[in-house]
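# sequence plus predicted model, see below.
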Amino acid sequence: MKFIFVTGGVISSLGKGLIASSIGLLMKARDFKVNLVKIDPYLQIDAGTMSPYEHGEVFVTDDGGETDLDIGNYERFLDMNLTAQNSITTGKIYWNILTKERQGRFLGKTVQVIPHITDEIKSSLLNLGRDFDFTVVEIGGTVGDIESQPFLEAIRQMKKDLGKENVLYVHVSLLPYIKTTDEVKTKPTQHSVKELRALGITPDILFARTEVPLTDKVREKLSLFCDVEKEAVIEAMNTEYIYEIPINFEKQGLGNLILDKLSLEKRNPELEYWNSIIKRIKNPDHEVTIGMVGKYVELKDAYKSLIEALTHGGIDNNTRVKLNWISSEALEESGCCEVLDRERENNKLDAILVPGGFGVRGIEGMIEAVRYAREKDIPFLGICLGLQCAIIEFARNVCGLEGANSTEFDPETPYPVIDFLPEQRNITDKGGTMRVGAYTALLKEGSFVNKIYGKREISERHRHRYEVNNKFKDIFEEKGLTLSGVSPDGRLVEFIEISRLQFFVATQAHPEFKSRPDMPHPLFSSFIRIALKNKHK
Ligand code: GLN
C-alpha cells in the first residue's frame, strides 16, 4: 500500500488533477491497482451546494457522491468508477469527529486538530488505500493556505507511519515566463517549496508548469534550490488535448522514477491503447460544430464532463468536435431565430445541445433554442435541464398549454409540466437531497434510444430535484412526443424523443459522467454521427 501525495504551489488551477490522473494512469499501465482521492479543504460536506461559478462542474459518482470535477478526470483517465468516499472535504472530516464527540467516543479528552482531526484524515486515507497498490491523493488549494494545513500535517505524519519507501510527495508549481527578457522564473517555486519544507514535507518530484520548454539550466537551478534530483524535475507544458499529458510525462521517465523512489523494480507500461486514442483525436477526418446553449457558457469548467463526452463521441466518428458557446440569455435579448440562423449560415451550428443547470436565468432562451431545433429539424440533445426545457417547449407550442413551465421557474404556472415529486415537496434542506447517483431506466422497445444503447435496461447518473409531471404524459404522447425511457416502476420519465425528426432526444440523466475516451458513450457518439450527417445534407 503506497501513497503518492500531490500538492500545489504558487497559484491554484495548475492542473494538479490532471497530473494526479496521469500518475495514476502510468501506474495502472504498469499493471498496478490504483486508487485516486481528492481532498478539498473547504468547509462544505460536498460540492453539491456550490455554484458552478465557484467550483466548476459538480461531478456525480454512481453512489450519489456530489464531488469535485477532478473525480471526473480520475474516472476518465483510469476507466474506473469511484465513490463519494474518494472525495474528502474538511467538512466531512469535522462532521465525523463531531459526531464521534457527541457519541462520547473521546470522553475525558480535549478534542483537537492534532491528533484527532489528523488521525481522522489518516484513517480515511488508509481505508481508501487498503485494497490498492498505489493511492494517489491530490490536495486541493495551494500550500500556505490556512485551510489545508491539517491535511498537510496528516500526510507528513504518514511518511513516518508507513515508512519512506511507501510515501512519495509530488509538488506542482508554476514557472512564470517573462517575455521581455525571455526567461522563466524559478523564485515563486523556490518559495512554495520552502513553505512546504517548513511544514516538514520535502517534495520527491517537482512538476514545473511552464509555457516554454525547460532548459537544462532551469532544471539544475530548480534541483539545487528546491532540493530535488534533476531527473525528478518534470516539465509540465500545456498540451492540445489533456490525454497527451501522461505520455509527455512518461517520455521524461516519470513512471519508472516513481517506482524507483518507492523501492520497486522498474516495469514497462502498456500505453498502446492510450496512444491510439491520442492518434485518433489528433488526426480526425471530419469536423462538426455543436451549438451549446446554456447559462454558464463563460465558464467552461461548468460543463467539463459534457465537453469530454462530446470529444469522445468525436473520437468514435473520426471527427473533431468544435463547440460554439451560445449564451441562452443572449438568445433572449437578440432574438433566438436571428442568432441561430446566422450561426447556421456561418457553418457554426450542425446540432444543438442544451445542458444541465439550475435557476430561472436564461431559461426562456433555452426553450427557444429547443423550439428552433424542433421546428427546423436540427439534431438536438437535451441533458437534464435540457429535457425539462424540451418538455416545456413541447407543452407550450405543440400541446397548446400556454404558460406551461417548471415550478422551479414559475411556481404559479397553470401547467406545471415539470414539478416536484410528492416526496420532494416537504424537503427544506438543500444539501444532498436531490435525486442523485445511478438510476436504472427501461427503454421503450424499438425507440431511438433503445437502438442507440443496444439494450432495454440501462443505468445513468442523475442530479436534479424536478421531474416530468405524469399528469401530462397522455397529451404529450398524443401529440407525438415519445416517452422513450422510464424508471422501472414507470413513475419517472428518463428519456424523451420525437421519432419523426432526425435526432431529437433528451434525458433527465447526465450520461456525460459515464463516457470514457476509450469507451465513448453511445448517446454522444450517435449525436455526433447525426450532426455530421446533418452538416453534409
Ligand atoms: N434544475 C433542474 C432540477 O433541479 C435541472 C437540474 C440539472 O440540469 N442537473 O431538476
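Sure thing, it's come through. Owing to the predicted nature of the structure, the values given are computational and were not obtained by experimental measurement. Numbers count the residues shown, from 1 in each chain.

# just confirm yes or no for whichever helix or strand residue 417 is part of near the ligand.
Using DSSP states H and E, residue 417 sits in strand 416-419. No. Strand 416-419 does not reach the ligand (CB under 6 Å from any ligand atom); its nearest approach is 7.3 Å. To be clear about C-beta, it is placed using only N, CA and C from the backbone, and glycine gets the same treatment.

# and for whichever helix or strand comes after that strand, what's in contact with it?
Moving toward the C-terminus from strand 416-419, the next helix or strand (DSSP H and E) is helix 422-425. With contact meaning CB atoms under 8 Å, 6 or more residues apart in numbering, helix 422-425 is reached by 433, 465, 466.

# out of those residues, who's the most crowded?
Each of the contacts of helix 422-425 was scored for neighbours by other CB atoms under 10 Å, and residue 466 scores highest at 22 neighbours.

# what sits closest to that residue if chain neighbours are left out?
Distance criterion CB to CB, 6 or more residues apart in numbering; nearest residue to residue 466, sequence neighbours excluded, is residue 418 at 4.9 Å.

# dump the contacts of helix 422-425 into a markdown table; add distance to residue 82 and pLDDT as well.
Converted to a markdown table, these look like this (distance: CB to CB, whole Å; pLDDT from 0 to 100):
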| residue | distance to residue 82 | pLDDT |
| --- | --- | --- |
| 433 | 22 | 84 |
| 465 | 24 | 94 |
| 466 | 27 | 96 |
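
# including secondary structure and distance to the ligand, could these go into TSV?
Below are the contacts of helix 422-425 laid out as TSV (DSSP: H, G, I helix; E, B strand; the rest coil; distance: CB to the nearest ligand atom, whole Å):
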residue	secondary structure	distance to the ligand
433	coil	11
465	coil	4
466	coil	3
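
# my read: residue 246 touches residue 27, true?
No. Residue 246 lies out of contact with residue 27 (CB atoms under 8 Å); the separation is 10.2 Å.

# partner strands of the strand holding residue 417, parallel or antiparallel?
Note on strand 416-419: by DSSP bridges, its sheet partners are strand 405-406 (parallel), strand 467-468 (antiparallel).

# farthest residue from the center of this protein?
Relative to the C-alpha centroid of the chain, counting by CA atoms, centre = their mean, residue 108 is the outermost residue, at 43.6 Å.

# and of the contacts of helix 422-425, the nearest to residue 446?
If you rank the contacts of helix 422-425 by distance to residue 446 using CB to CB, residue 466 comes first, at 28.5 Å.

# once you drop chain neighbours, what's closest to residue 225?
In this structure, residue 225 finds its nearest non-sequential neighbour in residue 190, 4.7 Å apart by CB to CB, 6+ apart.

# what about residue 209, which SS state?
Following DSSP: H, G, I helix; E, B strand; the rest coil, residue 209 is assigned to strand.

# any idea how many residues pack against it?
Look at residue 209: counted by other CB under 10 Å, it has 23 neighbours.

# from residue 8, how far off is it?
Distance, residue 209 to residue 8, by CB to CB, to the nearest Å: 9 Å.

# with residue 58 instead?
Shown here: residue 58 relative to residue 8, a distance of 21 Å by CB to CB.

# please pull out the lowest mean pLDDT helix or strand from this structure.
Lowest mean confidence among the helices and strands of the chain (mean pLDDT, DSSP states H and E): helix 422-425, at a mean of 81.

# next secondary structure element downstream of that one?
Next element after helix 422-425 (DSSP H and E): strand 435-443.

# ok, which stretches of the stretch 101-250 of the chain are helices?
Shown for the stretch 101-250 of the chain, the helices assigned by DSSP state H, counting those that start in this stretch span residues 118-129, 149-162, 187-198, 216-226, 245-251.

# kindly report the same for the stretch 401-537 of the chain.
Using DSSP H, counting those that start in this stretch, helices in the stretch 401-537 of the chain cover 422-425, 448-453, 473-478, 522-535.

# alright, that wraps it up for me.
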